[in-house]
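[1] Predicted structure and sequence below. I'll ask about it afterward.
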Amino acid sequence: MEKEQQKSQNIGDWLLRVVKGMMIGSGAILPGVSGGALAAVFGLYEPIITFLSNMTHNFMKHVFYFLPVGVGALLGVFVLAYPLDYGLQHYPVLVLWAFIGAIVGTLPSLYREAGKNGRKTGHIVLAVVTAILMFLFLIWADANFNVQVEQNFFTWLMAGGIFASGFVVPGLSPSNFLIYMNLYQPLTEGIRQLNFGILIPVGIGAVLCVLLFSKAVRRLMDVAYATIFHIILGVVVASTVIIAPPAELYNGLGFLDYALVALLFLAGLAIGLWMGRLEDTYKTDID
């Protein structure tokens, strides 16, 4: 009986990591959303950064642990990207509010994570100030960044580094910067068409970015865990608020549409809270 329960828990843990990977992967390609922020929300950011900063420590154990996350992330990028992209084009208000609800639902779990080593009033103030400053920066960037970059191997290397920066720095939305550089649509088209002339340099750039900066982030967390995670908390809040649909998208919506928006937000909220509870249930020490 005990072995069956352990097996069931292992399967549940594996499937949960696949679902989290799917959310992180889909979030990584959505404008205004940060894959790193979602990784932090789902309790995976610190374990992944820890592994990447010291890959020789329990290497195979970490590989098997993160394998379902990687599988889910690929599914998120290559499978969920299609319906999400369609939904954002045709039903942006509904999709964005459902996504916001899911992120809000996981914030309590992230708040607990930020304070697991203790917190002071200054940490709360830091989170609030970070949220305000990040929100203002994202608004400024949206209004001022719009450049045209030539597409070549080195450009896509840079795009891969930018893409991965959204994971290394939770709350940073690399898709926004790629849009400003007019590289986002060619990148998503390259993903859809499996254009390896784009995918290979993007992948190389992403891997280099993660490997180069993960150790620095890990050291920062070792000396200032509460500070770093409260900054992350503030950035997550700001990057969630910024993706709220602009007023013009509500034109033509009727009562039933608003009711559906509210329903989808509550459904996303419930899913987020549920995933937070699952994280507490299936949380595994992989060190």
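    In hand now; what should we look at? This structure is a prediction, so every number in the text was calculated from the model and none was measured. Numbers count the residues shown, from 1 in each chain.
[2] Now the element after the least confident helix or strand in the chain by mean pLDDT, going C-ward?
    The weakest-scoring helix or strand in the chain, judged by mean pLDDT, DSSP states H and E, is helix 174-180 (a mean of 68). With elements assigned by DSSP states H and E, the helix or strand that comes after helix 174-180 is helix 184-192.
[3] Give me the buried positions along that following helix.
    Judged by neighbour count (16 or more other CB atoms under 10 Å), helix 184-192 contains these buried residues: Y184, P186, L187, T188, G190, I191. The C-beta positions use only the backbone N, C-alpha and C, and glycine is treated the same way.
[4] Now tabulate the residues you listed in JSON lines and tack on pLDDT and distance to I200.
    Shown next, in JSON lines, are the buried residues of helix 184-192 (pLDDT from 0 to 100; distance: CB to CB, whole Å):
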{"residue": "Y184", "pLDDT": "76", "distance to I200": "18"}
{"residue": "P186", "pLDDT": "83", "distance to I200": "15"}
{"residue": "L187", "pLDDT": "82", "distance to I200": "13"}
{"residue": "T188", "pLDDT": "77", "distance to I200": "16"}
{"residue": "G190", "pLDDT": "82", "distance to I200": "10"}
{"residue": "I191", "pLDDT": "79", "distance to I200": "12"}
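[5] which element is V95 on?
    Using DSSP H and E, V95 falls within helix 92-114.
[6] Just give the nearest non-adjacent residue to the one residue sitting closest to the centre of the chain, would you?
    By CA atoms, centre = their mean, the chain has its centre lying nearest to G35, at 2.1 Å. Spatial nearest neighbour of G35, chain neighbours left out: A28 (3.4 Å); criterion: CB to CB, 6 or more residues apart in numbering.
[7] The one you found: neighbour count?
    Per other CB atoms under 10 Å, the neighbour tally for A28 reads 25.
[8] How about P174?
    As a burial measure, P174 scores 28 neighbours (other CB under 10 Å).
[9] before we move on, what about G43?
    Using other CB under 10 Å, G43 is surrounded by 22 other residues.
[10] Does it belong to a helix, a strand or coil?
    What DSSP: H, G, I helix; E, B strand; the rest coil gives for G43 is coil.
[11] do you know how far it is from V104?
    Noted for G43: a distance of 16 Å to V104, by CB to CB, to the nearest Å.
[12] Check L133 too.
    From L133 to V104 the distance is 20 Å (CB to CB).
[13] okay, those two: which has more neighbours?
    For L133 versus V104, neighbours defined as other CB under 10 Å are more numerous around V104 (18 against 13).
[14] ranges for the helices of this protein?
    2-29, 35-41, 45-53, 59-75, 81-90, 92-114, 121-144, 153-168, 174-180, 184-192, 196-223, 225-241, 255-282 (DSSP state H).
[15] For the residue lying closest to P201 once chain neighbours are set aside, grab the count of nearby residues.
    Closest residue to P201 apart from its sequence neighbours, by CB to CB, 6+ apart: W156 at 3.8 Å. The local packing of W156 (other CB under 10 Å) involves 25 other residues.
[16] try W274
    Neighbour tally, W274, other CB under 10 Å: 13.
[17] do you know how far it is from G101?
    12 Å.
[18] just for the stretch 151-287 of the chain, where's the confidence low?
    Residues of the stretch 151-287 of the chain that meet the criterion pLDDT under 70 lie in 170-173, 176-177, 179-180, 275-287.
[19] what sits against L178?
    A159, I162, F163, Y184, L187 (CB atoms under 8 Å, 6 or more residues apart in numbering).
[20] Sort out which one of these lies nearest L88 for me.
    For the contacts of L178, the residue nearest L88 by CB to CB is Y184; the value is 12.2 Å.
[21] The closest one - nearest residue in space that isn't next to it in sequence?
    The spatial neighbour of Y184 that comes closest, neighbours along the chain excluded (CB to CB, 6+ apart), is L178 at 4.1 Å.
[22] can you check F265 too?
    G101 (4.0 Å).
[23] Can you tell me how far the one you found is from A270?
    Distance of G101 to A270, computed by CB to CB: 8 Å.
[24] And for V128?
    Going from V128 to A270 by CB to CB gives 26 Å.
[25] Who are the contact partners of G234?
    By CB under 8 Å, 6+ apart, G234 lies in contact with L126, A127, V128, V129, T130, A131, I132, M134, G171.
[26] if we go to 10 Å?
    114, 123-135, 171 (CB atoms under 10 Å, 6 or more residues apart in numbering).
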